[in-house]
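[1] Prediction below, plus the sequence it came from.
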Amino acid sequence: MSTTTGPPAVDQAGDVPAAPAPPDRAARPRRTVAQLRAGAGRRLTRTRRRTVVRTARLVRRAVHAWRASLQLRVGAITMLVAGVLVVIVSLVLFRQISDQLLGAKRQAAVDQSLSGVQYAQTEVGGIATGDSASVRSTLSRTVENLRSRGGAAGDFDVVMVYLSGDAPRPAASRPDIYPAIPDDLRAEVAGGAQAYRYAPVPDRDGDPVPTLLVGAPVPTDGQGGDRVEVYFAFPLDQEQESLEGIRSTVVITCAVLTLFVAGIGVLVTRLVVDPVRRAAGSAQRLAEGHLEERLVVRGEDDLARLATSFNAMADSLQRQITQLEGLSQLQQRFTSDVSHELRTPLTTVQMAAAVLHEAREDFDPAVARSAELLRAELDRFEMLLSDLLEISRYDAGAAVLEAEPQDLVPLVGRVAEGMSALAARHDCELQVAVPPVPVIAEVDGRRVERVLRNLVGNAIEHGTGKPVEITLAASATAVAITVRDHGIGLTSADAQHVFDRFWRADPARVRSVGGSGLGLSISLEDARLHGGWLQVWGLPGQGAQFRLTVPMTAGGELTSSPLPLRPPFLRPPRDRA
């Protein structure tokens with residue numbers, strides 16, 4: 001099969017159809033100038049924002065380093081002060097060297113100029129009587145003779161000007177010198193005085209060179225307005241090179257001296273700061289419990305006395321803490337031993353009291369009432385022994401958290417149901433508010449339930465018959481339970497001691513619920529064992545609210561609580577009808 005190609009087809013009108021545009025390019029939208037400018041503006045704004053953020057971050061780091069490092073501050077201040085002093089001294093010294101160097105050059109140039117003027121006077125004394133050619137010849141010869149004389153001021157160039165009428169006729173060793181003579185120098189020489197100026201004069205390559213120009217009038221025998229002026233141009237390139245070398249040396253010396261002084265300041269500061277840092281580190285380790293931490297004493301200066309005082313303080317702290325630990329262990333052992341030793345006789349007495357309590361209907365009413373009171377007080381005594389054993393475990397550091405995932409909604413319900421009989425006896429309503437979905441958290445259910453029982457029991461006891469509100473809430477990282485009563489409330493002083501052992505707001509008040517006085521202390525330890533918070537808020541006459549907050553996962557860190565500690569509404573709710 002073959003394929004042939006030919007000219008494009010022609011329609012009846014004789015026109016060749018145009019080739020269609022590529023579909024991709026034809027469909028691609030073109031961006032307008034305004035859109036391009038807007039995009040460039042957004043990119044520029046983002047770049048500026050990133051630059052500002054980075055600059056702010058660097059500034060914060062620099063400020064933190066400045067505040068945190070005494071050695072850095074002393075070194076920077078020392079460098080600044082030393083740098084300022086060295087710069088001032090160097091400027092004064094450089095100015096004196098420059099003045100002396102240029103002054104010596106100027107004096108030698110002036111002396112050499114005076115000698116040259118005297119010589120020129122002998123050469124051009126009768127120049128006014130000659131014609132133009134003889135004037136030019138005399139000036140040129142005198143210029144060459146003056147330039148060849150030499151002197152202490154070094155190499156120089158000479159310009160002699162014969163002024164007759166309005167047209168000056170100069171003769172110079174180099175033609176580019178005369179235009180470079182300043183007008184004020186010419187005016188001063190025209191007034192009949194010897195003068196000098198510093199001005200840039202082109203060298204033989206055309207580069208400007210600092211030059212000392214000395215001008216003076218040359219006395220002649222002419223009459224009228226004819227006069228002769230001579231100018232000496234002393235290049236200062238060698239002096240400039242010398243000053244540049246001196247300037248470089250001074251700058252390097254300033255930098256080295258400043259760094260040296262700053263280094264000495266940093267070294268001296270380090271000699272002082274290092275012992276202080278060691279003392280701070282030892283104090284921190286001492287605070288962490290390393291009671292054997294001590295400082296090495298070197299010498300007899302102030303730092304040595306500081307180390308000696310620190311060691312004496314550490315010895316005293318270690319001795320006192322050791323004594324307190326011994327007393328605490330003795331107290332813990334005593335509490336534990338007494339609690340265990342009382343278990344056996346308490347069990348015996350409870351068995352006897354149970355027999356009497358079962359047979360109380362056969363007794364005299366007074367004896368029957370005594371049997372009931374004996375049974376109740378023995379139950380309270382057993383609770384006190386259990387709480388003492390629990391406190392001794394916390395004091396000994398033997399308490400262990402047995403955390404596992406649990407739904408706290410039914411746990412709160414169990415506590416409310418278990419405390420309902422006590423609430424009914426006090427004519428108190430328990431109002432429970434829990435989420436409609438399960439709240440799963442890694443907690444020790446037994447300890448959380450004990451905390452809630454203590455809080456609800458206290459709320460019922462101090463609620464004066466008003467409703468007690470139990471609220472459960474959760475966030476992504478924490479779970480919180482609040483127990484709110486509307487009873488007598490707490491003062492700020494009471495709130496500071498409410499978790500103390502055996503503390504009571506009113507010592508004369510009879511405890512109606514029958515607690516041991518250790519419930520809130522144990523609850524606080526249970527909350528701490530979870531890594532959580534147990535907090536209280538109260539106002540006299542407005543009631544109190546306790547808030548338990550624990551991490552959602554065991555070992556988590558708390559940063560906030562899902563429930564507020566202060567109730568949003570302080571007006572007590574309406575009592576039951």
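    Looks like it arrived, so ask away. Keep in mind the model is a prediction, meaning the values are calculated, not measured.

[2] quick one: the helices in this structure?
    Secondary structure of the chain (DSSP state H): helices located at 23-27, 33-68, 70-124, 132-149, 183-190, 237-287, 302-358, 365-396, 408-418, 420-425, 445-462, 492-497, 519-529.

[3] what about those helices, which gets the closest to residue 544?
    Closest approach to residue 544 among those (CB to CB): helix 445-462, 7.1 Å. (C-beta placed from N, C-alpha, C; glycine too.)

[4] Run through the stretch 1-150 of the chain and note the low-pLDDT ranges.
    Within the stretch 1-150 of the chain, the ranges that satisfy pLDDT under 70 run 1-31, 125-131.

[5] coming back round to it: mean neighbour count for the helices of the chain - can I get that in TSV?
    Putting the helices of the chain into TSV (neighbours: other CB atoms under 10 Å) gives the following:
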stretch	mean neighbour count
helix 23-27	8
helix 33-68	10
helix 70-124	16
helix 132-149	16
helix 183-190	15
helix 237-287	14
helix 302-358	13
helix 365-396	15
helix 408-418	17
helix 420-425	14
helix 445-462	22
helix 492-497	12
helix 519-529	20
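
[6] what's the closest of those helices to residue 296?
    Shortest distance between residue 296 and those, using CB to CB, is found for helix 302-358: 6.9 Å.

[7] how much does the closest one deviate in direction from helix 237-287?
    30 degrees (axes from the mean of the first three to the mean of the last three CA atoms, to 10 degrees).

[8] Tell me which other helices or strands helix 302-358 touches.
    helix 237-287, helix 365-396 (3 or more CB pairs under 8 Å, 6 or more residues apart in numbering; DSSP states H and E).

[9] in the stretch 201-350 of the chain, what spans have low per-residue confidence?
    In the prediction, the stretch 201-350 of the chain carries residues with pLDDT under 70 at positions 221-225, 332, 335-336, 339-340.

[10] can you do 80?
    Across the stretch 201-350 of the chain, the ranges flagged by pLDDT under 80 are 204-206, 220-227, 325, 327-347, 349-350.

[11] Alpha carbons of stretch 108-120, in PDB - could you do that?
    Coordinates of the C-alpha atoms in stretch 108-120 are reproduced here as PDB (Å, rounded to 0.1, in the frame of the first residue of the first chain):
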ATOM      1  CA  ALA A 108      61.400  71.000  54.200                       C
ATOM      2  CA  ALA A 109      59.400  72.100  51.200                       C
ATOM      3  CA  VAL A 110      59.000  75.700  52.400                       C
ATOM      4  CA  ASP A 111      62.700  75.900  53.100                       C
ATOM      5  CA  GLN A 112      63.600  74.500  49.700                       C
ATOM      6  CA  SER A 113      61.100  76.900  48.100                       C
ATOM      7  CA  LEU A 114      62.700  79.900  49.700                       C
ATOM      8  CA  SER A 115      66.100  78.700  48.400                       C
ATOM      9  CA  GLY A 116      64.500  78.200  45.000                       C
ATOM     10  CA  VAL A 117      63.000  81.700  45.000                       C
ATOM     11  CA  GLN A 118      66.400  83.200  45.700                       C
ATOM     12  CA  TYR A 119      67.900  81.300  42.900                       C
ATOM     13  CA  ALA A 120      65.100  82.200  40.500                       C
END
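
[12] relative to helix 132-149, how tilted is the lengthiest strand in the chain?
    The residue-count maximum for a strand in the chain (DSSP state E) belongs to strand 208-218. Using the same axes, to 10 degrees, the interaxial angle of strand 208-218 with respect to helix 132-149 works out to 120 degrees.

[13] Check which strands are paired with strand 208-218 and give the direction for each one.
    Next to strand 208-218 in the sheet, as set by DSSP bridges, lie strand 195-202 (antiparallel), strand 227-235 (antiparallel).

[14] Looking at those strands, which is nearest to residue 527?
    Closest to residue 527 of those, according to CB to CB: strand 195-202, at 87.2 Å.

[15] Please name the residues that touch the spatially closest residue to residue 456 that is not a sequence neighbour.
    Taking CB to CB, 6 or more residues apart in numbering, and ignoring the residues beside it in sequence, residue 456 has residue 419 as its nearest neighbour in space, at 4.8 Å. Residues in contact with residue 419, defined by CB atoms under 8 Å, 6 or more residues apart in numbering, are 430, 453, 456-457, 460.

[16] how about the strands paired with strand 208-218 in CSV, adding distance to residue 535 and mean neighbour count?
    Formatted as CSV, the entries for the strands paired with strand 208-218 read as follows, by distance: least, CB to CB, whole Å; neighbours: other CB atoms under 10 Å:
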stretch, distance to residue 535, mean neighbour count
strand 195-202, 84, 16
strand 227-235, 89, 24
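
[17] Now distance to residue 213 too, for these, in JSON lines please.
    Formatted as JSON lines, those follow (distance: least, CB to CB, whole Å):
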{"stretch": "strand 195-202", "distance to residue 213": "5"}
{"stretch": "strand 227-235", "distance to residue 213": "6"}
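
[18] Among the ones you listed, which comes closest to residue 151?
    Judging the strands paired with strand 208-218 by CB to CB, what sits closest to residue 151 is strand 227-235, at 9.5 Å.

[19] I figured residue 431 hits residue 470, correct?
    Yes. Residue 431 lies in contact with residue 470 (CB atoms under 8 Å); the separation is 7.0 Å.

[20] More neighbours: which of these two?
    Ranked by neighbour count (other CB atoms under 10 Å), residue 431 and residue 470 place residue 470 first, with 22 against 12.

[21] re earlier: check the contacts of residue 419 and tell me the two furthest apart.
    Farthest pair in these, by CB to CB: 430 and 453, 12.2 Å.

[22] Run through the residues that contact residue 168.
    Residue 168 makes contact with 161-162, according to CB under 8 Å, 6+ apart.

[23] That one and residue 159, how far apart?
    Per CB to CB, to the nearest Å, residue 168 is found 10 Å from residue 159.

[24] can you check residue 195 too?
    14 Å.

[25] Over to residue 444?
    Spatial separation of residue 444 from residue 159 under the definition CB to CB is 108 Å.

[26] These two: which is more packed in?
    Taking other CB under 10 Å, residue 444 and residue 159 do not tie; residue 159 has more neighbours (24 against 21).

[27] List the beta-bridge partners for that one.
    The bridge-partner assignment for residue 159, based on DSSP bridges, gives residue 172, residue 231.

[28] what about it, distance to residue 169?
    The spacing between residue 159 and residue 169, counted by CB to CB, is 11 Å.

[29] now residue 403
    114 Å.

[30] Between those two, point out the one with more neighbours.
    Under the neighbour definition other CB under 10 Å, residue 403 and residue 169 were set side by side, and residue 403 has more, 21 against 15.

[31] who's in contact with the residue lying closest to the more buried one once chain neighbours are set aside?
    Counting by CB to CB, 6+ apart, the nearest residue to residue 403 once its immediate chain neighbours are dropped is residue 554, at 4.0 Å. For residue 554, the contact set (CB under 8 Å, 6+ apart) comprises 401, 403, 442-443, 530-531.

[32] Can you tell me which of the residues you listed are buried?
    Of the members of the contacts of residue 554, the ones counted as buried by neighbours, 16 or more other CB atoms under 10 Å, are 403, 442-443, 530-531.

[33] Which ones among these map onto strands?
    Per DSSP E, strands hold the following members of these: 442-443.

[34] Reformat the buried ones among the contacts of residue 554 as a markdown table; add distance to residue 264 and pLDDT.
    Compiled in a markdown table, the buried ones among the contacts of residue 554 are given as follows (distance: CB to CB, whole Å; pLDDT from 0 to 100):
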| residue | distance to residue 264 | pLDDT |
| --- | --- | --- |
| 403 | 59 | 88 |
| 442 | 59 | 93 |
| 443 | 61 | 92 |
| 530 | 56 | 90 |
| 531 | 51 | 91 |
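
[35] Need the residue closest to the centroid of the protein.
    By CA atoms, centre = their mean, the chain has its centre lying nearest to residue 64, at 3.2 Å.
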